[in-house]
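K.L.:
coordinates only, no sequence provided:
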């Protein structure tokens with residue numbers, strides 16, 4: 001290794017270490033960029049499709065933005081109306097819930113919570129439900145207090161909050177400058193390696209794009225299926241539970257566990273039998289089977305190609321090291337590493353050492 005190569009390698013390692021330090025101390029900004037990057041990966045194929053139809057890139061981005069905004073507003077209105085109706089229906093059934101919960105609660109727990117009679121328990125549950133319905137207007141103050149404690153100064157707090165409001169700006173520039181960004185990065189690659197670089201970049205692009213678009217599509221499908229099944233079983237808050245289970249499936253297997261626990265608890269409170277909890281378990285099991293055998297193979301395909309055991313281990317390691325953000329990034333990061341590991345394995349099998357030459 002000559003002197004210039006050593007200097008180049010040292011510079012690259014120093015820049016990588018500096019980037020890691022900056023990311024560590026700017027995790028909130030990194031999260032905003034990650035969200036914008038994920039959205040860009042979702043919307044970029046639609047932008048490219050319009051470009052191929054003869055529409056300019058900027059007008060294409062504006063059309064895709066507007067369409068996505070209208071869809072998101074429509075979904076938000078639907079959920080607000082549906083969840084309001086579900087909470088109202090649950091309040092009507094609250095006395096029956098309180099009576100059954102009172103019957104199965106140990107005396108020591110009743111005394112500790114101050115709910116010595118079913119009426120007191122009903123009032124307590126009604127207060128909790130009322131607070132849950134009005135949580136949106138009242139959440140700002142504790143949220144701001146939490147954020148103020150999480151950041152070292154008022155300026156940092158303002159910048160962090162502002163960062164989430166300008167995610168659409170990040171997204172716009174990412175979409176607008178994505179071709180130039182790719183060309184800029186490629187300009188640092190020696191021309192003799194352009195073919196290998198483009199091949200590897202295309203493979204990584206397929207893996208990341210397939211995971212982000214595919215996983216979010218799977219989450220949406222599961223949310224709909226979970227909600228429909230729980231609604232016909234007769235579970236209160238069916239849409240809320242189904243949607244929560246679908247959204248949290250962005251971290252594989254977590255959404256299913258949450259959905260099963262919540263739906264079984266609601267079934268036990270409402271029906272006082274074993275049939276409806278078993279129906280909930282059966283429905284989640286059926287949907288999970290469909291997810292593994294039909295939905296994910298058809299929607300995501302083999303672009304990610306991680307063995308389930310590898311995905312679980314990656315989730316556990318990511319959660320242990322970096323918390324929730326680590327769990328969110330564990331699978332896509334592992335999938336990208338797998339791309340390089342495949343190349344390393346291919347290089348090893350072509351080496352003189354492996355061939356015995």
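P.N.:
Now that the structure is in, tell me what you want to look at. Note that this is a predicted model, so its numbers are computed, not measured. Residues are numbered from 1 along each chain as shown.
K.L.:
rest of the way, CA atoms for contacts and neighbours
P.N.:
Noted.
K.L.:
what's the weakest-modelled helix or strand in this protein?
P.N.:
Least confident helix or strand of the chain, by mean pLDDT, DSSP states H and E, is helix 135-138 with a mean of 48.
K.L.:
next up, the contacts around the spatially most central residue of the chain.
P.N.:
For the chain, the residue nearest the mean C-alpha position is residue 250 (3.8 Å; Cα atoms, centre = their mean). Residues near residue 250 by Cα atoms under 8 Å, 6 or more residues apart in numbering: 215-216, 219, 328.
K.L.:
ok, and the most crowded of those residues?
P.N.:
When neighbours are counted by other Cα atoms under 10 Å, residue 219 leads these with 24 neighbours.
K.L.:
sticking with the residue found closest to that one once you drop the neighbours it is linked to in the chain, tell me its helix or strand.
P.N.:
Residue nearest to residue 219 in three dimensions, not counting chain neighbours: residue 246, with 4.8 Å by Cα to Cα, 6 or more residues apart in numbering. Using DSSP states H and E, the element containing residue 246 is helix 238-247.
K.L.:
report the rounded mean pLDDT for the helix or strand following that helix.
P.N.:
Next helix or strand after helix 238-247 toward the C-terminus (DSSP H and E): helix 254-271. Mean pLDDT, helix 254-271: 87.
K.L.:
and the angle from helix 254-271 to helix 238-247?
P.N.:
160 degrees (axes from the mean of the first three to the mean of the last three Cα atoms, to 10 degrees).
K.L.:
report the buried residues of helix 254-271.
P.N.:
Across helix 254-271, burial judged by 16 or more other Cα atoms under 10 Å covers 255-256, 258-260, 262-264, 266-271.
K.L.:
repeat for stretch 345-352
P.N.:
For stretch 345-352, it's none, nothing buried (16+ other Cα under 10 Å).
K.L.:
what's it in contact with?
P.N.:
354-355.
K.L.:
next one: that stretch to chain centre, how far?
P.N.:
Mean C-alpha position of stretch 345-352 versus that of the full chain (Cα atoms, centre = their mean, to the nearest Å) differs by 37 Å.
K.L.:
let me see the mean pLDDT of it.
P.N.:
81.
K.L.:
could you do stretch 237-250 as well?
P.N.:
Mean predicted confidence for stretch 237-250 is 88.
K.L.:
give me the element residue 235 is part of.
P.N.:
Per DSSP H and E, there is no helix or strand for residue 235.
K.L.:
residues contacting the nearest residue to it once chain neighbours are set aside?
P.N.:
Distance criterion Cα to Cα, 6+ apart; nearest residue to residue 235, sequence neighbours excluded, is residue 267 at 6.1 Å. Residues near residue 267 by Cα under 8 Å, 6+ apart: 235, 276-277, 280.
K.L.:
go again with 10 Å.
P.N.:
230, 233-236, 273-280 (Cα atoms under 10 Å, 6 or more residues apart in numbering).
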